[in-house]
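Trainee: Sequence first, then the predicted structure, then my questions.
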Amino acid sequence: MLFGLIFPSGSLQEKNGLIARQAQPQEFQIARVQYRGGGDWYNSPTALTNLLRFAKQEIPVSVSTRYNDVQLGSREIFNYPFLYLTGHGNIAINDSEMENLRRYLEQGGFLYVDDDYGMDPYVRPLLREIFPEEPFIELPADHPIYTIVYPFPAGRPPKVHEHDGKPPQAFGVYRNGRMVLLYTYESNPADGWAYDEHANSQRVIDQALKFGVNLLTYILMMP
């Protein structure tokens, strides 16, 4: 049986100074990060909805197909166990936002960043700053994210964008033994999720959606 647990509701609750996931029979919900700096944080608006609709069909867990936009400096981020951030260009995060994000991740949250091409020079240094004492590592080919539901035999995320011909990569940051951040580079699964906005082949779309389901399942099954 894939899921034998009561999964988190999609909220993090503060109690005695700690943020913990609430185990209530509510829908798992995602939020998209709205950031400053000029990058198009709002691009491919159907990507998450399409992924979440697919996930509802593929995995036995209550997932909301709706998502909200949040800012990193807001306490609203603690209402969501999963944050999604994407774009093509520059991103700016100030010290207050960085500290709020750090606290969110340390206390149960997860951040997924998908480079939609052109974002890497700006976002990668910021991701390294969140926990500078923790290594920013490429996920090994045998990482569960590549096998947990659908197999990815190459041990890499799918190649959706073909701009540079570079191999797709996935990087993670761990904190206290738990992966708190995933970054996909030269891959851009979200482009495949937004199949009604981009002219990808059905094979590429299927691979992108399946990788998204693997990601959601991995997050839901983390302690």
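Mentor: Looks like it arrived, so ask away. Model, not experiment: these values are computed from the prediction. Numbers count the residues shown, from 1 in each chain.

Trainee: right, and V204 touches W193 too?
Mentor: No - taking contacts as C-beta atoms under 8 Å, V204 lies outside contact range of W193: 10.8 Å. C-beta here means a position set from N, CA and C on the backbone, and glycine is covered the same way.

Trainee: Looking only at neighbour counts, state which of those two leads.
Mentor: The residue with more neighbours, out of V204 and W193, is W193; 28 against 20, by other C-beta atoms under 10 Å.

Trainee: The lowest-mean-pLDDT helix or strand in the chain: what's the following helix or strand?
Mentor: Between all helices and strands in the chain, the lowest mean by mean pLDDT, DSSP states H and E belongs to strand 18-21, at a mean of 38. Note on strand 18-21: by DSSP states H and E, the next helix or strand toward the C-terminus is strand 28-33.

Trainee: who does that next one pair up with?
Mentor: Next to strand 28-33 in the sheet, as set by DSSP bridges, lie strand 63-70 (parallel), strand 82-87 (parallel).

Trainee: any idea which of those is most buried?
Mentor: strand 82-87 (a mean of 23; mean count of other C-beta atoms under 10 Å).

Trainee: Please enumerate residues in contact with that one?
Mentor: By C-beta atoms under 8 Å, 6 or more residues apart in numbering, the list of residues contacting strand 82-87 from outside reads 10, 28-33, 35, 39-41, 43-44, 47-48, 67, 70, 77, 91, 104, 109-116, 119, 123, 190, 216, 219.

Trainee: so V61 makes contact with I219?
Mentor: No - taking C-beta under 8 Å as the definition, V61 is not a contact partner of I219, at 10.7 Å.

Trainee: Comparing the two, which shows the higher neighbour count?
Mentor: Counting neighbours by other C-beta under 10 Å for V61 and for I219 shows that I219 has the greater number, 20 against 17.

Trainee: how about the helix or strand harbouring that one: buried residues?
Mentor: Per DSSP H and E: I219 is located in helix 202-221. By 16 or more other C-beta atoms under 10 Å, the buried positions in helix 202-221 come out as 204-220.

Trainee: Report the angle between it and strand 28-33.
Mentor: On the basis of axes from the mean of the first three to the mean of the last three C-alpha atoms, to 10 degrees, helix 202-221 is oriented at 110 degrees to strand 28-33.

Trainee: what about the strands in the protein?
Mentor: Secondary structure of the chain (DSSP state E): strands at 12-15, 18-21, 28-33, 63-70, 82-87, 110-115, 136-138, 169-175, 178-185.
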